[in-house]
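Asks: Quick one, fold the following:
(chains A and B)
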Amino acid sequence: MGNCRGVGKNIRMTIKEVTRIMSPAEEMTRDEEVTGFAGTDRYFLAPELGSIVNIALVMGKPLLLMGEAGTGKTQLAFEVARALSMNIYVARCKSTMKGEELCYDHDTVARLYESRFGSAETGRDPAKFDDYIVYGPIGKAFLAEEKGVLLLDEIDKTESDVQDNLLDILEDYEFTIREIDRRISAKNKPFIVITSNAKKELSDPFLRRCYCHYIEFPTPDQMRQIILLHYPKTSEKLVSVALDIFYDLREQGFEKSPATSEILNWIGALEHEGISPSDLRKKSYRERVPFLGVLLKRAGDIQAYTDNYNGQHNPNSFRERGY
Amino acid sequence: MFFVDFFYTLKNYGVPTTTQYILELQEGLKRGLAGNVDDLYNLLRLICVKRIEHLDNFDRAFSKYFYGIELPASGEMTDLNKLLENKPFREWLETQIKEGNLEPAEIHWKLPPEELFRRFLKTFEEQTEAHHGGNKWIGTGGTSPYGHSGNSYGGIRVYGESERQSALKTIGERRYINYSDNAGLRAENIRQVLGTFKNMVPIGPKTDLDLDETVYRTAKNAGELEFIFKPELRDNIRVALLIDNGGYSMSRYVSIVSLVFSKIKDRFKDLSTYYFRNCIYGNLFSDPQRIKKHPTKKFLSENPDTRVLIIGDASMAPEELFTPRGAIEYGVDDTEPGMVWLQRIRDRFSYSVWLNPIRSIYWSERYGNRTLREIRQIYHMEDLTLGGIKNAVTYLNEQG
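Replies: Residues are numbered from 1 along each chain as shown, chains lettered A, B, ... in the order given. Predicted coordinates:
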């Protein structure tokens, strides 16, 4: 790119191009009917994220969401399913997974057992492989008659070869039942949402097949809206004071920083106990924050908080630990 | 084909692209996903950016291609003046002065450069909006079928209408700078890297059905079922962390090292930590205050499979490393030079690596570069950046 591109000129050219593509004469072609997603009455959707979900929906691409706990990654999949009235199929990943069991499993033990002791009760035929196939969430989503949402939760917990096993699923929406060499293709391609806490790097081929998005932790303003979605009757003032304390705590680098679910529970507790904003402000300065255990979960964190609070030197507090 | 040359710009900025991405973009445009510049930004970003460390460079390429603004690489970010040397900004500034919106004196004395640049972006945005009727220029009457932000959709409430972030503003914020490969470490990106650090071995309860063995035994048993189970593969990684936490030269790295340390601590169940000052001699210390001694010989008897990470600047006076009794700390058992001890640790633990908080580009110029060079002869050394830790982990995974 040369340096000569003038700013305005560049934009105009760009827009002309886009407009031409977008002329109404050109009908959009879509595989299946897709409705847009724009947040729900209990899920706050950042505008950018909304646009991203819709792009992934329209392009029929798996959406990989990364970000720290409490940014609503998993929740998003459930809300998309709810808003678009789709079924959701959830695969919670574990480090011991091989990936195949997400598609199907073959109940070998039952088959062996029934071949030995008879299968009258279950009505299955040990001679038939099919009778002992148990479909996992991916298999169920692929075989469903209606388009659904398929959530692969915390994919980063799996080994990288598991991710390799999943490539066909992300690319072609297909998997093979190895033992009988049967290919299962999705009747209706589900909308795949994948979440990752970035515990483990994902492989390049895996990433290439996804649309990746990193969700930032909500800003105080966004958090206010999230809280109001859950507690519409809470006083704005209480929320403001609570947010101050909450973001202040997050700054302090605890081992487990409080996240969205913590503040929601905390607001719930404050409301239930009828603590007023001025009480809260006073208490957080004079005594310790009420219901601290709702915000901080680790004993070490609570200890560090209390000690810092009392102005004591504490060898276990984060900043001093190890250094 | 549209914006094909954008992909070449991307490539110049070090973001990998493929033909597939170009085709995907055409498909996306055909399906009406680029309703406005923001959506186009999102679409391109989703198509092209697969790793978070590429995001910053993607932003730079986008800004260069679509706005003609060259943003400096994240390493040069402190130098805002570079940003202000962009041609569009200079032109804007000249116009502002010519039109009397800004006084030259004001620019020099009153307004900080950040404020100037912010104003520039604002005017710039308004300009583009004005020229093209904001969101409406796409010909969909301002409400794209996949619209967001401010559009009400089928009775579902939508929040955040005032928060619409323009692509340019988003870029201006450089939100993703932390993840660039050459960026320093932040809490968010360390976990990402440490995740790859594993050692899978068969341990634990026998829960996996060993089918071959089961069939074999059952057949031997004249068809009477005999199930055989085997243990599953589990992560069994042992990590030892040796931290240089003394001396003036390390003091400026305290926050970054403690950050790395706390993340490493979170990640590994089986972790032991020892401290030393400047160099390792006959004793390590098991507490940060360096009071509780832990003989280095004892450490050397630990399982040779242990992954050893040494964090230190490797910068010291040459005699601390090479001469007996060279240690600067009182009461240290140092009848043998530090180099000997370092070599012993290296020989015992084939999975060992040195992490240096000094950026690698400065390794040859800083104080102590001689000892640093010598230590590099023994240890594989990386710096404490995202890329450095990643390389270190890759290196360790390749050993043995």
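
Asks: Just confirm yes or no for stretch A:161-174 near chain B.
Replies: No - contact of stretch A:161-174 with chain B (CB under 8 Å from any CB of the partner chain) is absent, the minimum separation being 10.3 Å. Using the backbone N, CA and C atoms, a C-beta is placed for each residue, glycine as well.

Asks: Kindly check the end-to-end length of that stretch for me.
Replies: Counting by CA to CA, to the nearest Å, you get 17 Å between the two ends of stretch A:161-174.

Asks: any idea how far residue A:256 is from residue A:70?
Replies: Counting by CB to CB, to the nearest Å, the separation of residue A:70 from residue A:256 is 10 Å.

Asks: Which residue of these two possesses the greater neighbour count?
Replies: Ranked by neighbour count (other CB atoms under 10 Å in any protein chain shown), residue A:70 and residue A:256 place residue A:70 first, with 18 against 14.

Asks: and residue 240, which of the three is it?
Replies: You didn't say which chain, so I picked chain A. helix (DSSP: H, G, I helix; E, B strand; the rest coil).

Asks: that's the other chain; I wanted chain B
Replies: strand.

Asks: tally of neighbours for it?
Replies: What residue B:240 shows, counting by other CB under 10 Å, is a neighbour count of 23.

Asks: Assess the claim that it and residue B:275 are in contact.
Replies: No - contact criterion CB atoms under 8 Å: residue B:240 and residue B:275 do not qualify, at 11.9 Å.

Asks: which stretch of helix or strand covers the residue of the stretch 301-400 of chain B found nearest chain A?
Replies: Residue nearest to chain A within the stretch 301-400 of chain B (CB to the nearest CB): residue B:390, separated by 8.0 Å. Per DSSP states H and E, residue B:390 falls inside helix B:386-398.

Asks: what's the spacing between residue A:120 and residue A:110?
Replies: For residue A:120 relative to residue A:110 (CB to CB), the value is 14 Å.

Asks: which of the two has more neighbours?
Replies: residue A:110 (16 against 8).

Asks: which residue sits closest to residue A:111, ignoring its sequence neighbours?
Replies: Distances taken as CB to CB, 6 or more residues apart in numbering or on different chains put residue A:132 closest to residue A:111, at 4.5 Å, once the chain neighbours are dropped.

Asks: And residue A:195, by the same measure?
Replies: residue A:73 (4.1 Å).

Asks: next one: residue A:87
Replies: That would be residue A:148: by CB to CB, 6+ apart, it lies 4.1 Å from residue A:87.

Asks: How about residue A:145?
Replies: residue A:187 (6.6 Å).

Asks: What mean pLDDT does the host helix or strand of residue A:268 get?
Replies: If you go by DSSP H and E, residue A:268 is part of helix A:260-272. Average pLDDT, helix A:260-272: 88.

Asks: And stretch B:220-228, by the same measure?
Replies: 86.

Asks: likewise stretch A:238-245?
Replies: On average, stretch A:238-245 scores 88.

Asks: buried sites along it?
Replies: Buried positions in stretch A:238-245, judged by neighbour count with 16 or more other CB atoms under 10 Å in any protein chain shown: A:238, A:239, A:241, A:242, A:243, A:245.

Asks: list the contacts for the residue nearest to residue A:195?
Replies: A:65, A:66, A:67, A:195, A:196, A:215 (CB atoms under 8 Å, 6 or more residues apart in numbering or on different chains).

Asks: Average pLDDT for stretch B:303-312, rounded please.
Replies: 89.

Asks: near chain A, anything from that stretch?
Replies: No - applying CB under 8 Å from any CB, one finds stretch B:303-312 separated from chain A by no less than 10.3 Å.

Asks: Dump that stretch to PDB, restricted to CA.
Replies: The C-alpha trace of stretch B:303-312 is given here as PDB (Å, rounded to 0.1, in the frame of the first residue of the first chain):
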ATOM      1  CA  ASN B 303      12.900 -36.300  40.000                       C
ATOM      2  CA  PRO B 304      14.800 -35.500  36.800                       C
ATOM      3  CA  ASP B 305      11.500 -35.300  34.900                       C
ATOM      4  CA  THR B 306      10.800 -32.100  36.800                       C
ATOM      5  CA  ARG B 307      10.300 -29.100  34.500                       C
ATOM      6  CA  VAL B 308      12.600 -26.400  35.900                       C
ATOM      7  CA  LEU B 309      11.900 -22.800  35.100                       C
ATOM      8  CA  ILE B 310      14.500 -20.300  36.200                       C
ATOM      9  CA  ILE B 311      13.400 -16.700  36.300                       C
ATOM     10  CA  GLY B 312      16.200 -14.200  36.600                       C
END
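
Asks: For the chain, which residues score under the pLDDT cut-off?
Replies: Let's take chain A. Along chain A, the model assigns pLDDT under 70 to residues A:1-36, A:38-41, A:160, A:198-201, A:283-287, A:309-323.

Asks: Not quite, go with chain B.
Replies: B:72-90, B:103-114, B:116-117, B:123-203, B:247-249, B:266-267, B:269, B:328-334, B:400.

Asks: What are the structural domain limits within it?
Replies: Chain B resolves into domains spanning B:4-180, B:202-234, B:237-398 when parsed by automatic domain parsing.

Asks: where along the chain do the strands fall?
Replies: Using chain A. Assigned by DSSP state E, chain A shows strands spanning A:63-66, A:88-92, A:104-106, A:133-135, A:149-153, A:174-177, A:182-185, A:191-196, A:211-214.

Asks: that's the wrong chain, I wanted chain B
Replies: B:200-209, B:229-235, B:238-244, B:270-276, B:283-285, B:293-295, B:307-311, B:352-356, B:381-383.

Asks: Quick one: work out the angle between the third one and strand B:307-311.
Replies: Translated: strand B:238-244. With axes from the mean of the first three to the mean of the last three CA atoms, to 10 degrees applied, the angle from strand B:238-244 to strand B:307-311 works out at 20 degrees.

Asks: and the angle from strand B:238-244 to strand B:270-276?
Replies: Using the same axes, to 10 degrees: strand B:238-244 against strand B:270-276 is 20 degrees.

Asks: And the helices in the stretch 201-350 of chain B?
Replies: B:211-220, B:248-251, B:254-267, B:296-300, B:318-322, B:338-348 (DSSP state H, counting those that start in this stretch).

Asks: so which of these comes closest to residue A:264?
Replies: helix B:254-267 (24.0 Å; CB to CB).

Asks: and that closest one with chain A, contact?
Replies: Yes - contact of helix B:254-267 with chain A (CB under 8 Å from any CB) involves B:254, B:257, B:258, B:261, B:262, B:265, B:266.
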